[in-house]
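Starting from these lines, generate the structure:
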Amino acid sequence: MDLQLTDKVAIVTGASKGIGRAIAEELAAAGMKLVLAARSADLLQQLAAGLPTDCLVQAVDLRQPQAGADLVQATLARFGRIDLLVNNAGATKRGDFLALSDEDWADGFALKFFGAMRLSRAAWPQLKAAQGSIVNIIGVGGRTGSAEFAIGGSVNAAGMNLTKVLADRGVAEGVRVNAINPGTIATDRLKTRIASFAQEQGISAEEAASRMPRAMGVARFGEPAEIARAVAFLASPAAAYISGAILDVDGGLTRTL
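Have a look, this model is predicted:
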């Protein structure tokens, strides 16, 4: 299927690994020119070298207030336009609510929420000019509260509301804004959770990887490429009538409305 994305320009944050890397690969295969943003210059350069498209690598810390505006300016200097912004960067600390510090909370919001908000604000005029779109990668933890995911759940819930806010504005200005809530995806970060589960249950990592999905009520873990394909669809004209949607790509994990 031709998604009609050839030669359009996308910014992908958190592109150095995991879901972000898969998104970059999928969009490159669809013919988009890419701005790859993350804190690791080496990993970004390795990724860019293997992609069949024109890439701009930007090693940035989007927790810094000026970073979003700087990233937009670098994109315009190289490509002259922005058609798609994928806000994917950000991880939050898990743990006992009473043990989480103010610094943990501030760091959790700094990148995943405020980084995405500032970058969306900086890119908005260009997205409006291109009649482009934003896809926010958030997480199912924002829909259903979990005791050990207090920061992540709160950040994700805020991200979903921001998606709705920007989509409301975008109706009048021609910018489509949607979000994807990944479930448990097979990335390096998941390995840490599997190891913890194995230790808690007194079983091997292999057995833990088999049992965990069943314990969560799903058949298997998701793959980064499955999130990436959803991003490409939402960015394409095939999704022209979709705005303000929050798509759970979680294997059926979320059972609430």
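
ok, which stretches of the chain are helices?
In the chain, the helices defined using DSSP state H lie at 18-29, 41-49, 67-79, 102-109, 116-130, 150-173, 188-201, 205-216, 224-235.

Can you tell me which of those helices is nearest to T144?
helix 150-173 (7.8 Å; Cβ to Cβ). Every residue, glycine included, has its C-beta placed from N, CA and C.

Residues touching stretch 33-53, excluding its own?
With Cβ atoms under 8 Å, 6 or more residues apart in numbering as the test, stretch 33-53 has contacts from 7-17, 20-21, 24-25, 27-29, 31-32, 54-62, 71, 74-75, 78-79, 89.

I only care about those that end up buried; give me the ChimeraX line for that.
The following ChimeraX line selects those of the contacts of stretch 33-53 that are buried, judged by 16 or more other Cβ atoms under 10 Å:
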select :8,9,10,11,12,13,14,15,16,17,20,21,24,25,27,28,32,55,56,57,58,60,62,71,74,75,79,89
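
before we move on, the earlier item: which of the helices of the chain sits most buried?
helix 18-29 (a mean of 24; mean count of other Cβ atoms under 10 Å).

Tell me the helices and strands packed up against it.
strand 9-13, strand 33-38, helix 41-49, strand 84-87, strand 133-137, helix 224-235 (3 or more Cβ pairs under 8 Å, 6 or more residues apart in numbering; DSSP states H and E).

Put together a markdown table for the ones you listed, with distance to A209 and mean pLDDT on each row.
Listed next are the helices and strands packed on helix 18-29 as a markdown table, based on distance: least, Cβ to Cβ, whole Å; pLDDT from 0 to 100:
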| stretch | distance to A209 | mean pLDDT |
| --- | --- | --- |
| strand 9-13 | 28 | 98 |
| strand 33-38 | 26 | 98 |
| helix 41-49 | 24 | 98 |
| strand 84-87 | 28 | 99 |
| strand 133-137 | 23 | 98 |
| helix 224-235 | 16 | 98 |
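
helices and strands of the chain: which one bottoms out on pLDDT?
Using mean pLDDT, DSSP states H and E, helix 188-201 stands out as the lowest-scoring helix or strand of the chain, at a mean of 84.

Does anything pack onto it? Which helices or strands?
Using 3+ Cβ pairs under 8 Å, 6+ apart: helix 188-201 touches helix 205-216.
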